[in-house]
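A.B. asks: Model the following, please.
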Amino acid sequence: MEGKNIAVIGGGISGLGSAWLLQRHHSVTLYERNAVAGGHTHTVDAPSASGPVPVDTGFIVYNERNYPHLTGLFATLGIETRPSEMSFSASVDGGRLEYAGSGLATLFAQRRNLLRPRFWGMLRDILRFNRQGRAILAIADGRGRSLGEFLAENGYGSTFRDYYLLPMAAAIWSCPVRTMLDFPLVSFLRFFDNHGLLQLGDRPQWRTVVGGGRTYVERILTDLRERQGDAAVQTGDPVVRVERDAEGVTLVTANGYHRRHDEVVLAGHADEMLHLLADPSASESALLGSFRYQPNHAVLHGDPALMPRRRAVWSAWNYLADGTSAGTERVSVTYWMNCLQGLESADRDLFVSLNPLQEPDPEQVIARRDWDHPVFDQPAMEAQGGIAGLQGIHRTWYAGAWLGYGFHEDGLRSAVEVARGLGVEPPWTPSHAESPVEEPLPMGQPEVT
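C.D. replies: I've put the predicted structure just below:
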């Protein structure tokens, strides 16, 4: 294929991946509306006596089993990573109920759990859910049910539902707890099974980027500038309009610049990309307009008041709820970053709290960040299957984590698919490239952390 002049709009993993892959055979310009590219990869330097400590507040971890493209990209770029821990705890109503899943000692760190019939019922339900889940996947017997319907039909207890399964799932997807009840059962079970969450052993080893996720972002941007010139990375001047015609594409920026390209890759959130199109087709309006986003607020801080009361329960991921918040609009999770990232140089505990139930001590707040995460409801899942039919039409291509499960691997895999559509194969090995992180979501068999 003859080299083209391609615009990539969006500097998150989908746009970075698209631009980095395409620049191997095409002329590429990456447009990022913010002053700094990275999207959900955002590393903050936390002050410490020994010097700044890089802490990730968005993308944090991955594993080689379920993130084959990201693994291949990191290997190709020479990105150093280290093992991480992915333990989980729940703390309800200020510590009235607390447990962690690391072993018997943490399950019963709150001794009264030994005397709680509902707690023992939760443990039995965990084993039963894992067993039933694997059986359903073995015979592909989902029958179109939602997770909520399955739990109700099989008599799972409210303690298992509200203080184990839904909190864990909501923490993974950064979505309201009750939203998970509408998730298609088979897709939910496949995700849990692929990540080793339907068994007690054989779970993947999670990893984190040494020096923070910005390391890979900087490496990609350096490659783009060295191979394409400094003008290949445009930041701080948002694209506000995309005009398409038979000969090419014109981008209009907030500062009034008009830039001409042969093709455009829209690699941002689906709703935002739709608003950029000057003349969206009926299909583009219907499909892209089917995606909603959930706002979430993240705070990097050092206040242990937003962790479980008992330190023995502290885990990498800590779900927090008050007595009435099991069905609230936003999930509340505190990530213990010393545990997740192995922050050996930090002289104190550092946390990232997503939608904290209470504000951390202002004197211990280091940074704040607002994120929008895709909501995978029925309309979104149905729309995913139609995006493939839009690729390349009107010189327009689509990439984004919203094309799958919303994770980093999904965003990069969508970039790989766009690159292939434009004649570029990824340089990593087929064993990496051909192993999907998840099974596709249902509803028309769409292909996306």
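A.B. asks: List the residue ranges of the stretch 51-200 of the chain that fall below the pLDDT cut-off.
C.D. replies: Scanning the stretch 51-200 of the chain with the threshold set as pLDDT under 70 gives 103, 105, 141-143.
A.B. asks: so where do the helices sit in it?
C.D. replies: Using DSSP state H, counting those that start in this stretch, the helices found in the stretch 51-200 of the chain span residues 68-77, 104-107, 117-139, 147-153, 158-160, 166-173, 185-194.
A.B. asks: so which of those gets nearest residue 321?
C.D. replies: Ranking the helices of the stretch 51-200 of the chain by proximity to residue 321 (CB to CB) places helix 166-173 first, at 7.2 Å. Using the backbone N, CA and C atoms, a C-beta is placed for each residue, glycine as well.
A.B. asks: Dump that closest one to PDB, restricted to CA.
C.D. replies: Taking Å, rounded to 0.1, in the frame of the first residue of the first chain, the C-alpha atoms of helix 166-173 are listed here in PDB:
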ATOM      1  CA  LEU A 166     -20.600  -6.900  42.500                       C
ATOM      2  CA  PRO A 167     -18.000  -4.800  44.300                       C
ATOM      3  CA  MET A 168     -15.200  -6.700  42.700                       C
ATOM      4  CA  ALA A 169     -16.700  -6.400  39.200                       C
ATOM      5  CA  ALA A 170     -17.600  -2.700  39.700                       C
ATOM      6  CA  ALA A 171     -14.000  -2.000  40.900                       C
ATOM      7  CA  ILE A 172     -12.700  -3.700  37.700                       C
ATOM      8  CA  TRP A 173     -14.900  -1.700  35.400                       C
END
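A.B. asks: Can you spell out which helices and strands pack onto it?
C.D. replies: strand 88-92, strand 317-321 (3 or more CB pairs under 8 Å, 6 or more residues apart in numbering; DSSP states H and E).
A.B. asks: Please produce JSON lines containing those, extended by mean neighbour count.
C.D. replies: Compiled in JSON lines, the helices and strands packed on helix 166-173 are given as follows (neighbours: other CB atoms under 10 Å):
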{"stretch": "strand 88-92", "mean neighbour count": "24"}
{"stretch": "strand 317-321", "mean neighbour count": "25"}
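A.B. asks: Looking at the ones you listed, which is nearest to residue 365?
C.D. replies: Across the helices and strands packed on helix 166-173, closest to residue 365 is strand 317-321 (CB to CB), at 17.1 Å.
A.B. asks: After the closest one, which helix or strand is next?
C.D. replies: Downstream of strand 317-321, the next assigned helix or strand under DSSP states H and E is strand 333-336.
A.B. asks: Tell me the buried residues in that following strand?
C.D. replies: 333-336 (16 or more other CB atoms under 10 Å).
A.B. asks: which among those residues gets closest to residue 208?
C.D. replies: residue 335 (11.3 Å).
A.B. asks: which element is the closest residue to the closest one other than its chain neighbours on?
C.D. replies: In this structure, residue 335 finds its nearest non-sequential neighbour in residue 352, 4.5 Å apart by CB to CB, 6 or more residues apart in numbering. Here residue 352, judged by DSSP H and E, is contained in strand 351-354.
A.B. asks: Packing partners of the next helix or strand after that strand?
C.D. replies: Downstream of strand 351-354, the first helix or strand assigned by DSSP H and E is strand 365-375. Applying 3+ CB pairs under 8 Å, 6+ apart, one finds that strand 365-375 contacts strand 43-46, strand 292-301.
A.B. asks: Parallel or antiparallel, list what pairs with strand 365-375.
C.D. replies: Strand pairing for strand 365-375, using DSSP bridges, gives strand 292-301 (antiparallel).
A.B. asks: Any chance you could give me the strand it pairs with in CSV, C-alpha atoms only?
C.D. replies: Output in CSV follows, covering the C-alpha atoms of strand 292-301 (Å, rounded to 0.1, in the frame of the first residue of the first chain):
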residue,chain,number,x,y,z
ARG,A,292,-22.4,6.5,27.4
TYR,A,293,-19.7,7.3,29.9
GLN,A,294,-19.5,7.2,33.7
PRO,A,295,-17.6,10.1,35.4
ASN,A,296,-15.2,9.0,38.2
HIS,A,297,-13.1,11.2,40.5
ALA,A,298,-9.6,10.0,41.5
VAL,A,299,-7.5,11.4,44.4
LEU,A,300,-3.9,10.6,45.0
HIS,A,301,-3.2,11.0,48.7
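A.B. asks: Mind listing residues that contact that strand?
C.D. replies: Residues from elsewhere that reach strand 292-301 (CB atoms under 8 Å, 6 or more residues apart in numbering): 44, 46, 55, 57-58, 174-176, 179, 269, 271, 330-331, 337, 350-356, 360-361, 364-375, 377, 380.
A.B. asks: Let's have the helices and strands packed on strand 365-375 in CSV, adding mean neighbour count.
C.D. replies: Listed next are the helices and strands packed on strand 365-375 as CSV, based on neighbours: other CB under 10 Å:
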stretch, mean neighbour count
strand 43-46, 20
strand 292-301, 18
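A.B. asks: domains for this protein, by residue range?
C.D. replies: 5-40+213-292+377-433, 88-202+303-360 (automatic domain parsing).
A.B. asks: can you tell me how far residue 360 sits from residue 191?
C.D. replies: 31 Å (CB to CB, to the nearest Å).
A.B. asks: Between the domains of the chain, which one is closest to residue 72.
C.D. replies: When these are ranked by proximity to residue 72 (CB to CB), domain 5-40+213-292+377-433 comes first, at 2.8 Å.
A.B. asks: Include mean neighbour count when you put the helices of the stretch 51-200 of the chain into JSON lines, please.
C.D. replies: Output for these, formatted as JSON lines (neighbours: other CB under 10 Å):
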{"stretch": "helix 68-77", "mean neighbour count": "22"}
{"stretch": "helix 104-107", "mean neighbour count": "14"}
{"stretch": "helix 117-139", "mean neighbour count": "15"}
{"stretch": "helix 147-153", "mean neighbour count": "16"}
{"stretch": "helix 158-160", "mean neighbour count": "18"}
{"stretch": "helix 166-173", "mean neighbour count": "22"}
{"stretch": "helix 185-194", "mean neighbour count": "21"}
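A.B. asks: nearest to residue 306, of the ones you listed?
C.D. replies: Here helix 166-173 is closest among these (CB to CB), at 14.2 Å.
A.B. asks: Excluding its own residues, what touches the closest one? List them.
C.D. replies: Applying CB under 8 Å, 6+ apart, the contact partners of helix 166-173 are 88, 90, 176-181, 183, 188, 197, 317, 319, 321, 326, 331, 333, 373, 376, 405-406.
A.B. asks: How about stretch 369-376?
C.D. replies: By CB under 8 Å, 6+ apart, stretch 369-376 touches 40, 42, 57-58, 173-175, 179, 183, 269-270, 291-300, 380, 401-402, 405-406, 441.
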